[in-house]
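A.B. asks: Model the following, please.
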Amino acid sequence: MKESVDAIVVGSGPCGSFAAWKLAQLDVSVRVYEEHKEIGVPCHCAGHLSIKGLSRLGTYPLPSGVVENTFRGASFFSATGKRFTVHLNSPVTCAVDRTVFDRYLAEKAQNLGATYCLDSRVEKLIVEKDKVEGIVVSHQGSREKVHSKIVVDAEGISSRLLRQTGLRALDTKMLVNGIEAEAENVKDTNSDTVEVFFGKEYAPGFYAWLMPKKNGKTKVGLAARSADPIELLKKLITKHPVTSKKFRNAKITRTMVHPITLGGPITKAYSGGFLAVGDAASQVKPTTGGGVVFGMTCAAIAAEVAKEAVRQDDVSSHFLRTYQEKCNETLGFDTRMMVRMRRTLDRMSDDRLDSLIGLCAKLELDKTLRNVKEIDLQGRTLLHVLRSPRMFAALGYFFFAYLFANL
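C.D. replies: Numbering: from 1, shown residues only. As a prediction, the model looks like this:
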């Protein structure tokens with residue numbers, strides 16, 4: 001008798017485990033396959049998450065030990081060191097220990113009946129008559145087939161399994177190479193403020209960041225369209241007019257390198273018996289590269305659609321297109337706006353960014369932004385703050401720079 005389960009989830013990152021949690025909550029039998037021996041290892045991002053986004057998903061507040069710090073402020077620095085700072089009325093983001101966070105989500109799923117198979121690499125999908133019907137998985141040298149009614153692909157940015165379905169994967173031209181590090185003895189940081197650094201000399205095609213932790217350590221990282229991120233990080237902490245002073249006596253204790261997708265969600269993340277969530281479907285904010293909350297949002301939608309598909313015994317591509325429609329309805333407007341903002345930022349020179357940051361400070365734009373609580377749905381937030389003449393003036397400069405860059 002062939003082994004079978006209602007739903008298979010590939011990958012135990014936040015999106016995979018949240019999908020498993022929601023599937024188990026909906027009484028769908030689910031099994032998670034993870035190629036690594038430990039959940040949450042290796043870590044793939046800084047873990048800077050929106051408090052409102054997590055609350056919307058029903059996962060905040062988080063247990064003790066998961067949250068490393070909370071932030072109510074952000075400082076933005078140009079390549080020359082010009083600064084614009086926003087202090088919000090209440091904390092809007094938190095830094096989490098990604099390993100502990102991932103394990104927490106997996107534990108919630110397991111408590112509801114989901115089973116986890118670690119050190120198990122999914123080699124390929126079982127596809128029959130244009131429909132995914134299971135997986136071929138290897139574990140400690142042996143290979144086996146596991147059949148299922150539906151497969152949820154949360155494997156990450158490689159999108160290896162997604163390609164096997166014939167779906168078009170994410171746009172590799174919109175990938176940046178990221179590096180995340182932890183440092184000791186970084187000076188002159190505010191414990192409740194994230195710092196963001198622009199400059200094509202230090203982070204071409206993206207930006208660099210500092211996030212203090214409550215234990216005195218600091219997360220530091222950057223991403224870049226080109227060049228070696230490791231060398232760029234060295235340059236940032238030794239040459240940048242602001243960070244070089246902060247890191248004069250600091251020590252880097254660990255580093256991790258990982259790609260980030262900024263192209264917006266893929267146009268089709270489903271096929272017969274198959275749904276893709278998270279990085280595999282490029283469900284990542286194009287402006288900041290944050291994908292945990294976006295991916296978990298789509299994972300919850302995937303679980304709802306999968307549950308109904310299993311109940312009706314209809315996992316056809318026609319039925320599962322509801323997943324794409326609901327994702328587009330929830331996040332489509334905001335991601336389209338963020339893609340436009342990303343393209344504008346990519347085309348702006350350091351001089352124009354320097355001027356924009358100076359203009360934001362001169363207009364006292366922080367007074368307009370201090371009540372902002374939503375940082376995930378940035379399109380809707382932008383429409384809300386446009387009521388302010390200050391914000392309208394800054395946005396006018398932003399779009400003027402965009403038009404000028406395209407002449």
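
A.B. asks: if I pick Pro212, what's in contact with it?
C.D. replies: Taking CB atoms under 8 Å, 6 or more residues apart in numbering as the criterion, Pro212 is in contact with 69, 186, 189-191, 193, 218-219. The C-beta positions use only the backbone N, C-alpha and C, and glycine is treated the same way.

A.B. asks: cool, and Ala299?
C.D. replies: Here Ala299 is in contact with 15-16, 18-19, 22, 152, 154, 277-278 (CB under 8 Å, 6+ apart).

A.B. asks: bridging residues for the closest residue to Gln164 other than its chain neighbours?
C.D. replies: Of all residues beyond its chain neighbours, the one nearest Gln164 is Leu125 (5.0 Å), with distances taken as CB to CB, 6 or more residues apart in numbering. Note on Leu125: beta-bridge partners Ile135, judged by DSSP bridges.

A.B. asks: Please tell me how far Val257 sits from Thr115.
C.D. replies: 32 Å (CB to CB, to the nearest Å).

A.B. asks: With neighbour numbers in mind, choose between the two.
C.D. replies: Val257 (17 against 14; other CB atoms under 10 Å).

A.B. asks: so that one, which of the three states?
C.D. replies: Recorded secondary structure, Val257: strand (DSSP: H, G, I helix; E, B strand; the rest coil).

A.B. asks: Next, give me the two most distant ones among the contacts of Ala299.
C.D. replies: Largest separation among those by CB to CB: Lys22 and Gly278, giving 13.5 Å.

A.B. asks: Between those two, which is the more surrounded one?
C.D. replies: Gly278 (30 against 26).

A.B. asks: Which secondary structure elements does the helix or strand Arg31 falls within sit against?
C.D. replies: Assigned by DSSP states H and E, Arg31 falls within strand 30-33. Counting by 3 or more CB pairs under 8 Å, 6 or more residues apart in numbering; DSSP states H and E, the packing neighbours recorded for strand 30-33 are strand 4-10, helix 14-25, helix 98-111, strand 115-117.

A.B. asks: so of those, which one's packed in deepest?
C.D. replies: Among these, helix 14-25 has the highest mean neighbour count (mean count of other CB atoms under 10 Å), at a mean of 29.

A.B. asks: Give me the residues contacting it.
C.D. replies: 6-7, 9-10, 30, 32, 34, 39, 57, 59, 101-102, 105-106, 108-109, 112-114, 152, 154, 277-279, 283, 292, 295-296, 298-300, 302-304, 306-307.

A.B. asks: now do the same end-to-end measure for stretch 29-49.
C.D. replies: End-to-end distance of stretch 29-49: 29 Å, with CA to CA, to the nearest Å as the criterion.

A.B. asks: residues of it that come out buried?
C.D. replies: 29-35, 39-40, 43-49 (16 or more other CB atoms under 10 Å).

A.B. asks: I appreciate the help and will end here.
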